[in-house]
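Engineer: heads up, no residue letters with this:
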Ligand code: MG
Ligand code: ZN
């Protein structure tokens, strides 16, 4: 009887404990599992580099459409670990890209429109800033302007996503090592002040260039100097109009960042315009942007496969369009429909590869992605 009571108490303690397990403790347990299983597969025990890839507006249907229109294959299929995150924001079940990216970047659920600030508009340190503080190299690559919500949330702290010039000025406060994206005019032809941030970057030791001067791939690059390149004055072109830099910038960025610091790197790469195809309810736009993003995913996986110490995470901030593939579709020829020209609240897939990948399986809040990345950085440094 005494033994039975003891067992019962133990059981209750375990049950209580489990229900009260914090996300952090949960993550810690997952890390242990990761160390064992992934060291067996030839990876470094803990990641040195982290590459986070965000397909803006890339829900399951965007992925499916890209796959069916690409001969039934995507590089995304190479990922061993898949999870789902809950994308809602603090003030709306339907998140926007600012709150969605701030959740990944800073680990807080915040209001729609917030850039790197919490729901009280207070700045929250981002994963990129944490990486900088650990002397890691850092980078941002985007097919929107570099001051647009997704990249901005990793480096800026502003109460509204539309404050593009303030966001650009925040690039001067963090010593980001490599960035490529549009939005040159927010740096060199500002309306709210007469600073020339393009010039300030050069004065701060950056090699700065842009599409007016030379091709990205022909840019002078020294791994001892930081690098910035503007792909457009405002929004970059669509893939269908000839934009093709995401793949090149990504290969360049990975090689550059690896040489730039002994301490590893953090790189965020965004396929920005999958979302814009969704807003336009334009299936061809979604598919071409999706395939461009997936091609870049292939380059990142090739790098990580050789390197063995890079954690790769691919996800989206939210789905856009309430996009679906309907009757009348065939492989390589889709009939599609949309339920909205805005975002939806669908669960969003997360793909992970490399050391620390296993902790990305399961279903969790979007903010958990920040914690899992931060843990990887803390374990390494
Ligand atoms: Mg975006
Ligand atoms: Zn959107």
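Structural biologist: Cool, the structure landed. All of these numbers come straight from a predicted model, not from anything done at the bench. Ligands and ions are numbered 1, 2, ... in the order given.
Engineer: which strand residues bridge residue 268?
Structural biologist: residue 52, residue 140 (DSSP bridges).
Engineer: what residues are up against it?
Structural biologist: By Cβ atoms under 8 Å, 6 or more residues apart in numbering, the contact list for residue 268 reads 51, 52, 53, 54, 128, 139, 140, 141, 151, 154. Quick note: C-beta positions are derived from backbone N, CA and C, even for glycine.
Engineer: confirm the fourth one sits in a helix?
Structural biologist: No. With DSSP: H, G, I helix; E, B strand; the rest coil as the criterion, residue 54 is located in strand rather than a helix.
Engineer: quick one, phi psi at the closest residue in space to it that isn't next to it in sequence?
Structural biologist: Spatial nearest neighbour of residue 54, chain neighbours left out: residue 270 (4.7 Å); criterion: Cβ to Cβ, 6 or more residues apart in numbering. Phi and psi for residue 270, reported as degrees, to the nearest 10, are phi -120, psi 130.
Engineer: doesn't residue 146 make contact with residue 270?
Structural biologist: No. Contact status for residue 270 versus residue 146: not in contact, 9.7 Å apart, counting by Cβ atoms under 8 Å.
Engineer: which residues are common contacts for the two?
Structural biologist: residue 140.
Engineer: in the stretch 1-150 of the chain, which spans are strands?
Structural biologist: 49-55, 81-86, 137-145 (DSSP state E, counting those that start in this stretch).
Engineer: between the longest one and strand 49-55, how many degrees?
Structural biologist: Orientation note: strand 137-145 sits at an angle of 10 degrees relative to strand 49-55 (axes from the mean of the first three to the mean of the last three Cα atoms, to 10 degrees).
Engineer: so residue 168 makes contact with residue 195?
Structural biologist: No. Between residue 168 and residue 195 there is no contact under Cβ under 8 Å: 9.1 Å.
Engineer: of those two, which one has the most company?
Structural biologist: Taking other Cβ atoms under 10 Å, residue 168 and residue 195 do not tie; residue 168 has more neighbours (25 against 15).
Engineer: next, count neighbours for the residue of the stretch 151-300 of the chain found nearest ligand 1.
Structural biologist: For the stretch 151-300 of the chain, the residue closest to ligand 1 is residue 272, as judged by Cβ to the ion, at 4.5 Å. Neighbour count of residue 272, defined by other Cβ under 10 Å: 27.
Engineer: contacting residues around the closest residue to it other than its chain neighbours?
Structural biologist: Closest residue in space to residue 272, ignoring its immediate chain neighbours: residue 144 at 3.6 Å, by Cβ to Cβ, 6+ apart. Residue 144 is in contact with 56, 150, 151, 181, 182, 183, 235, 236, 270, 272, 273, counting by Cβ under 8 Å, 6+ apart.
Engineer: the contacts of residue 268: which ones sit near ligand 1?
Structural biologist: Here nothing survives when the contacts of residue 268 are matched to ligand 1 using Cβ under 5 Å from the ion.
Engineer: including pLDDT, could those residues go into JSON lines?
Structural biologist: Converted to JSON lines, those look like this (pLDDT from 0 to 100):
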{"residue": "51", "pLDDT": "98"}
{"residue": "52", "pLDDT": "98"}
{"residue": "53", "pLDDT": "99"}
{"residue": "54", "pLDDT": "99"}
{"residue": "128", "pLDDT": "98"}
{"residue": "139", "pLDDT": "98"}
{"residue": "140", "pLDDT": "98"}
{"residue": "141", "pLDDT": "99"}
{"residue": "151", "pLDDT": "98"}
{"residue": "154", "pLDDT": "98"}
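Engineer: closest one to residue 84 out of these, please.
Structural biologist: When these are ranked by distance to residue 84 (Cβ to Cβ), residue 54 comes first, at 15.4 Å.
Engineer: what about residue 350, which SS state?
Structural biologist: strand.
Engineer: surely it and residue 314 touch.
Structural biologist: Yes. The pair residue 350 / residue 314 is scored as a contact, 7.4 Å apart, by Cβ under 8 Å.
Engineer: which one's more surrounded, these two?
Structural biologist: Neighbour comparison, residue 350 and residue 314: the larger count goes to residue 314, with 29 against 24 (by other Cβ under 10 Å).
Engineer: quick check, that one in a strand?
Structural biologist: Yes. Judged by three-state DSSP, residue 314 forms part of a strand.
Engineer: any residue of the longest helix seen in the chain touching ligand 1?
Structural biologist: When the chain is parsed with DSSP state H, its longest helix is helix 283-307. No. Figure legend: helix 283-307 not in contact with ligand 1 (Cβ under 5 Å from the ion); closest approach 11.4 Å.
Engineer: pull out the buried positions in that helix.
Structural biologist: For helix 283-307, the neighbour count (16 or more other Cβ atoms under 10 Å) marks 283, 285-297, 299-301, 303-304, 307 as buried.
Engineer: what is it packed up against?
Structural biologist: strand 49-55, helix 60-68, helix 245-260, strand 265-271, helix 274-279, strand 310-315, strand 333-337 (3 or more Cβ pairs under 8 Å, 6 or more residues apart in numbering; DSSP states H and E).
Engineer: between helix 60-68 and the shortest one, find me the angle.
Structural biologist: For strand 333-337 against helix 60-68, the angle by the same axes, to 10 degrees is 170 degrees.
Engineer: helix or strand next in line after strand 333-337, which one?
Structural biologist: strand 343-344 (DSSP states H and E).
Engineer: need the residues of the stretch 51-200 of the chain near ligand 1, please.
Structural biologist: 56, 97, 150.
Engineer: can I get those residues in TSV including pLDDT, distance to residue 344 and neighbour count?
Structural biologist: Converted to TSV, those look like this (pLDDT from 0 to 100; distance: Cβ to Cβ, whole Å; neighbours: other Cβ atoms under 10 Å):
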residue	pLDDT	distance to residue 344	neighbour count
56	98	13	30
97	98	13	27
150	98	17	29
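Engineer: which residue, neighbours along the chain excluded, lies closest to residue 206?
Structural biologist: residue 226 (4.4 Å).
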